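Participant: Structure of the sequence below:
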Amino acid sequence: NPQTADGDVYDPLEDVNRVVFDVNDALDQAVAKPVAKAYRAVTTKLVREGVRNFLRNLRTPVNMANQILQGDIEGAAGDVSRFVINTSIGIGGLFDVAADTGLEYEHEDFGQTLGVWGIAHGPYLVLPLIGPSSFRDATGLLVDTVADPVRLYLYNTDQEEWYYARVAATGIDKREELLDALDDLRANSFDYYAAIRSAYMQKREAMVGDDDPNQSSAPAIPDYDDEF
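Facilitator: You can find the predicted model right below:
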């Protein structure tokens, strides 16, 4: 169970997690945040939305596979429709035309799939560079990464550099999106580690339940395993 009886997150590795968290946070403040701020400064909102739409479109095979594994055939059909519409009318996915027709983007990953299957989080984890996770979600991240058709295609055609470019672009995009939310969370938290941990678990539970994670009482947090 990810939470104890009093509502606290199950975190038996907290001492180690806090060390990794501090290293991640130092790297974030020294590298990721300045890069994200520079990215925001030199681009328009329209350009950033185009990049985000394109990256989401590339993730369609992983989303669709997890929808099927969760038994959500309607959701999988929606993913196919979104991909066809956005790849064609949306110019390769740069414009989310499908959202205007009511087909909103839904992120799905194997960690969520395991949750739908009734598998608990297990201990909370902080992964190097990636950030907040759990035994369940870390397993899901590994499966999604290994099975991603886009990654497999690029590796099998000796184009690995494009995969790493995608990973970097995804990280910058996500960090830019969360610039203001993370600054607010840091400024208003007595314990930044605990605040991130709680927000992560609340968000993941909302996603497993197919609720809108943005409607959670928890602030947005960097959830990079959502995107890789």
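Participant: where does Ser133 fall, phi/psi-wise?
Facilitator: Dihedral angles phi and psi of Ser133 (degrees, to the nearest 10) take the values phi -160, psi -160.
Participant: Show me where this structure has its helices.
Facilitator: Along the chain, counting by DSSP state H, helices occupy 14-27, 33-42, 45-58, 60-69, 73-88, 97-100, 110-116, 135-147, 149-156, 160-177, 179-188, 192-208.
Participant: and the fifth one with helix 60-69, angle?
Facilitator: With axes from the mean of the first three to the mean of the last three CA atoms, to 10 degrees defining the directions, helix 73-88 sits at 170 degrees from helix 60-69.
Participant: what residue ranges in the protein score low on pLDDT?
Facilitator: Within the chain, the stretches with pLDDT under 70 are 1-8, 211-228.
Participant: ok, 90 please
Facilitator: 1-9, 208-228 (pLDDT under 90).
Participant: Show residues contacting stretch 150-161.
Facilitator: Contacts to stretch 150-161, defined as CB atoms under 8 Å, 6 or more residues apart in numbering, come from residues Leu58, Arg59, Pro61, Thr145, Trp162, Tyr163, Arg166. C-beta coordinates here come from the backbone N, C-alpha and C atoms, glycine included.
Participant: at 7 Å instead, please
Facilitator: Here stretch 150-161 makes contact (CB atoms under 7 Å, 6 or more residues apart in numbering) with Leu58, Pro61, Thr145, Trp162, Tyr163.
Participant: go on, stretch 91-104?
Facilitator: 50, 53-54, 57, 78, 81-82, 85-87, 89-90, 105.
Participant: one more time with 6 Å
Facilitator: By CB atoms under 6 Å, 6 or more residues apart in numbering, the residues outside stretch 91-104 that reach it are Gly50, Asn53, Phe54, Asn57, Gly78, Ser81, Arg82, Ile85, Asn86, Thr87, Ile89, Gly90.
Participant: Mind listing what's buried along it?
Facilitator: Using 16 or more other CB atoms under 10 Å as the test for burial, stretch 91-104 gives Gly93, Leu94, Phe95, Asp96, Val97, Ala98, Leu103.
Participant: One more: stretch 63-75?
Facilitator: Buried residues in stretch 63-75 (16+ other CB under 10 Å): Asn63, Met64, Ala65, Asn66, Gln67, Ile68, Leu69, Gln70, Asp72, Gly75.
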